[in-house]
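S.K.: structure for this input, please:
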Amino acid sequence: MDDRKDLPAPAEGLVLTMFLTVRDVAVSRTFYADVFGGTVVLAENPAIVQIANSWIIMNPGGGPTPDKPGITLTAPEPGDPVSAFLNVRVADIAAFHRTAVAAGAHFVTDPIDRKAEIRCYIRDPDGYLIEIGQATGMLHGVYADRVPQG
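M.R.: A predicted model of the protein is given here:
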């Protein structure tokens with residue numbers, strides 16, 4: 001834990017991380033480390049878990065600060081609409097699903113074949129939506145059917 005050489009601090013260019021406002025840092029940190037096989041780089045303030053070539057940063061919510069005036073961070077409440085979600089691509093969705101379930105993940109559905117990909121969704125302890133997908137048909141020019149716009 002707290003392996004600072006793995007912090008998301010590029011020597012040049014940039015790296016992309018995901019920040020999540022969480023209710024319980026320890027619970028969320030454990031979820032991302034266990035379900036995604038991540039490495040805890042920093043335990044708290046903020047918690048940082050490295051997963052493959054990405055980082056999830058977690059901290060409790062709070063009110064405005066000098067660098068974000070008028071902005072309050074809160075974890076989602078049950079029933080909140082979803083406007084963004086984490087998208088995770090895996091090489092073998094069946095293997096990931098088995099491992100994640102064994103680690104305590106609760107899936108919205110089992111993986112579903114959508115022609116272009118096989119995908120499913122889970123929610124983290126705070127209710128954040130996470131798509132898990134494996135590219136299949138799209139690798140061969142086969143894409144999902146369009147959903148009619150209503």
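
S.K.: domains in this protein, by residue range?
M.R.: 1-61, 76-150 (automatic domain parsing).

S.K.: highest average neighbour count across those domains?
M.R.: Comparing the domains of the chain by mean neighbour count (mean count of other CB atoms under 10 Å), domain 1-61 ranks first with a mean of 16. Where you see a C-beta, it was placed from the backbone N, CA and C, and this is true even at glycine.

S.K.: report the rounded mean pLDDT for that domain.
M.R.: For domain 1-61, mean pLDDT is 92.

S.K.: thinking again about what came up before, out of the domains of the chain, flag the one nearest residue 70.
M.R.: Nearest to residue 70 among these is domain 1-61; the distance by CB to CB comes to 14.7 Å.

S.K.: could you measure from residue 71 over to residue 42?
M.R.: From residue 71 across to residue 42, the span is 23 Å (CB to CB, to the nearest Å).

S.K.: got it, and residue 119?
M.R.: To residue 42, residue 119 is 31 Å away according to CB to CB.

S.K.: show me the helices in this protein, by range?
M.R.: Along the chain, counting by DSSP state H, helices occupy 25-36, 93-102.
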